[in-house]
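*Asks:* what would the 3D arrangement of this be:
(one chain, ligands or ions: 2)
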Amino acid sequence: MLILSPSILAADFSVLGKQIKEVQEAGAQYLHVDVMDGSFVPSISFGMPLISSIRGTSDIIFDVHLMIASPERYIEEFAKCGADIITFHLEAVRDPGVVIDKIHALGKKAGISIKPATPIEAVLPYLGELDMLLVMTVEPGFGGQAYIPESTERIRQARKFVEERGLSTDIQVDGGITADNVHVVLEAGANVIVAGSAIFRGDIGQNVKDMLKSFEAF
Ligand code: DX5
Ligand code: ZN
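*Replies:* Ligands and ions are numbered 1, 2, ... in the order given. Modelled structure (predicted):
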């Protein structure tokens, strides 16, 4: 199943609740929530209080992308404040298996994200336990960057690994995805598409509909 996960990092936070409603009504299935700590990545975004407050306004699936150091310290809190899917970075933990188990024990879906320079093979020992693999298509840390072309081959590789093992792991892509290049990542095998600027700049509802329309060919 193809899923659109608009990233609120590009939203207008003064009218965040309204914009979330807009993406959901236009058909987006997930909401991508980028948490940055100024340590694992250079920038700082937001944390639990914001997630809790938007949780009260929407029942859309919260796809929480943790770009933070030692994410294992905060899994309970993110589960409690409303995350449905919790994705942490492979590069940020010592024992990814333990973190996955922690997320599952809280009844949430678990994802691992890898930066553009991390080989896909590094995730193979955990693939069978994962609900989602996030292949970053830009260097994590900021919205509005350009898609890294080498990502296409990495997505293809990730899809191949999932299929060879007979798994149903979702493959998510995040960074620089627009209506103009989304067909490239879909063709390569991604099925959960994150988009920030391409959704929240201009007519939000229309942007969601246009993106979902491009899904129809796949
Ligand atoms: C980047 C974040 C992305 C970001 C995507 O570090 O993980 O989710 O919001 O933004 P765009 O779609 O504008 O590249
Ligand atoms: Zn993200």
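*Asks:* now do the helices in the protein.
*Replies:* Ranges of helices in the chain, per DSSP state H, are 16-25, 48-55, 75-80, 96-105, 151-164, 182-188, 197-200, 204-215.
*Asks:* separation between Leu167 and ligand 1?
*Replies:* Going from Leu167 to ligand 1 by CB to the nearest ligand atom, to the nearest Å gives 24 Å. Every residue, glycine included, has its C-beta placed from N, CA and C.
*Asks:* before we move on, the earlier item: for ligand 1, which of the helices of the chain is the nearest?
*Replies:* Smallest distance to ligand 1 across these (CB to the nearest ligand atom): 3.4 Å, for helix 197-200.
*Asks:* which parts of this structure sit against ligand 1?
*Replies:* 7, 9-10, 32, 34, 65, 138, 140-145, 174-177, 194-198 (CB under 6 Å from any ligand atom).
*Asks:* buried members of those residues into PyMOL, please.
*Replies:* Selection command for PyMOL covering only the buried members of the residues of the chain next to ligand 1, criterion 16 or more other CB atoms under 10 Å:
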select buried, resi 7+9+10+32+34+65+138+140+141+142+143+174+175+176+177+194+195+196+197+198
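*Asks:* in strands only, show me the residues of the chain next to ligand 1.
*Replies:* His32, Asp34, His65, Asp174, Val194, Ala195 (DSSP state E).
*Asks:* what's the farthest-apart pair in those residues?
*Replies:* His65 and Ala195 (13.0 Å; CB to CB).
*Asks:* contacts with ligand 2 among the residues of the chain next to ligand 1, please.
*Replies:* With the criterion set as CB under 5 Å from the ion, the members of the residues of the chain next to ligand 1 near ligand 2 are Asp34, His65, Asp174.
*Asks:* nearest spatial neighbour of the last one, chain-adjacent residues omitted?
*Replies:* Residue nearest to Asp174 in three dimensions, not counting chain neighbours: Val194, with 3.9 Å by CB to CB, 6 or more residues apart in numbering.
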